[in-house]
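> Pasting a predicted model and its sequence here:
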Amino acid sequence: MRRMKRLAAAIFLLGGCLATTPVPADNYPSRPIRLLHGFAAGGAADTLSRIVADGLSKKLGQPIIVEAKPGAGGNIAADAIAKAAPDGYTLGLVTGAHAISAATYKSLAYQPAESFEMISTVVYYALVIAVRSDHPAKSLGDLIAMAKEKPGALSFGSVGFGSTHHLAGELLNATAGVEIVHVPYRGDAQSVTALLGGEVPVIVGTPVLLAPQIQSGGIRGLAVTSPARTALLPDVPSVQEAGIKGYDVRTWAGLLAPKGTPPAIMATLNAATLEVLKDPDVRQRLETAVGGEVRGSSPEEMKALIEAEIAKWSAVVERAKIPKI
């Protein structure tokens, strides 16, 4: 009887070990992978996701299917990623809004830094503050003067509450001492449509969608949110050039996976991503898409970035007295 009990205990322990043994990466991936992002189709996140997915698909030898789950500043997609099976077959592309959510929401169903395994950052890029070409503001200085004259009379559109676009506008309010009311939309394309249709007089958008309209004369770029001008919009001054000293908003995009994804798979994904980002064609496509800078990282560096961004934007939310939802 004792021998049978010892044998049963050994079998139970062996079964537990097998159940927790990480899946080896030598046969990964063996089927298609989903890459989720949290913004509308056609926007910057969607464009970046498709460029990265194309490169990774070639490296990994399996199709990578891009799926948009827009809404709540990217939180719907992030929650879906966090709850997915940690097997390497559901990945996510997140933007700077991923860290901002920790500052703008009272509670989340996931933790932006702790509920995921980080793969690598991909690219950093600025945003642009713009008006329709027939708007009376010819410069950011003009816009700020108008906002000071009639507090609360102007509004600005963004890709959604809790997005980097939203907080870039709120930071402008705080640093310039104005009150321009935020109006959220479901993605870049909708905010641009709203601007052109006269629903909002100002938007904070991504250069990838605004550049063609700015170059054709339909939209006027007042300022980019980085300290210096961008290569995509060399004729648009920076916010700092307009006299708002110390203003600096640059968002980013990076790849992650659900918490608990086996280390061997994570190592495979990190290595493949860094190889993709070294490809000159991929780099050119990514940088052209957002007017930014391609920059890969280790998982540890990406996690440190997210933690630093959470601290930064929490301070902005408190300073601007933005109510949490």
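The structure has been received and is ready for your questions. This is a predicted model, so every value here is computed, not measured.
> Output stretch 240-251 as PDB, nothing but the C-alphas.
C-alpha atoms of stretch 240-251 as PDB (Å, rounded to 0.1, in the frame of the first residue of the first chain):
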ATOM      1  CA  GLN A 240       8.300  74.900 -28.400                       C
ATOM      2  CA  GLU A 241       8.900  77.200 -31.400                       C
ATOM      3  CA  ALA A 242       5.500  78.700 -30.700                       C
ATOM      4  CA  GLY A 243       6.800  79.700 -27.300                       C
ATOM      5  CA  ILE A 244       5.500  76.800 -25.100                       C
ATOM      6  CA  LYS A 245       8.800  76.000 -23.500                       C
ATOM      7  CA  GLY A 246       9.300  72.500 -22.100                       C
ATOM      8  CA  TYR A 247       6.500  71.000 -24.000                       C
ATOM      9  CA  ASP A 248       7.400  67.500 -25.400                       C
ATOM     10  CA  VAL A 249       5.000  64.800 -26.400                       C
ATOM     11  CA  ARG A 250       6.300  61.800 -28.400                       C
ATOM     12  CA  THR A 251       4.300  58.700 -28.500                       C
END
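> Quick one: residues in contact with that stretch.
Stretch 240-251 is contacted from outside by 95-97, 124-127, 139-141, 144, 164, 167-168, 171-172, 175-176, 222-223, 225-227, 229, 239, 292, using C-beta atoms under 8 Å, 6 or more residues apart in numbering. Backbone N, C-alpha and C define where each C-beta goes, glycine included.
> so how far is it off the chain centroid?
20 Å (C-alpha atoms, centre = their mean, to the nearest Å).
> what about L60, how many residues close to it?
By the criterion of other C-beta atoms under 10 Å, L60 has 17 neighbours.
> May I see the PyMOL selection of the buried members of the contacts of stretch 240-251?
Per 16 or more other C-beta atoms under 10 Å, the buried members of the contacts of stretch 240-251 correspond to this PyMOL selection:
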select buried, resi 95+96+97+124+125+126+127+140+141+144+164+167+168+171+172+175+176+222+223+225+226+227+229+239+292
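> Just the ones of the contacts of stretch 240-251 in helices?
Using DSSP state H, the members of the contacts of stretch 240-251 that fall in helices are A97, L140, G141, I144, T164, L167, A168, L171, L172, T175, A176.
> Name the nearest of those residues relative to E287.
The closest of these to E287 turns out to be T164 (C-beta to C-beta; 18.1 Å).
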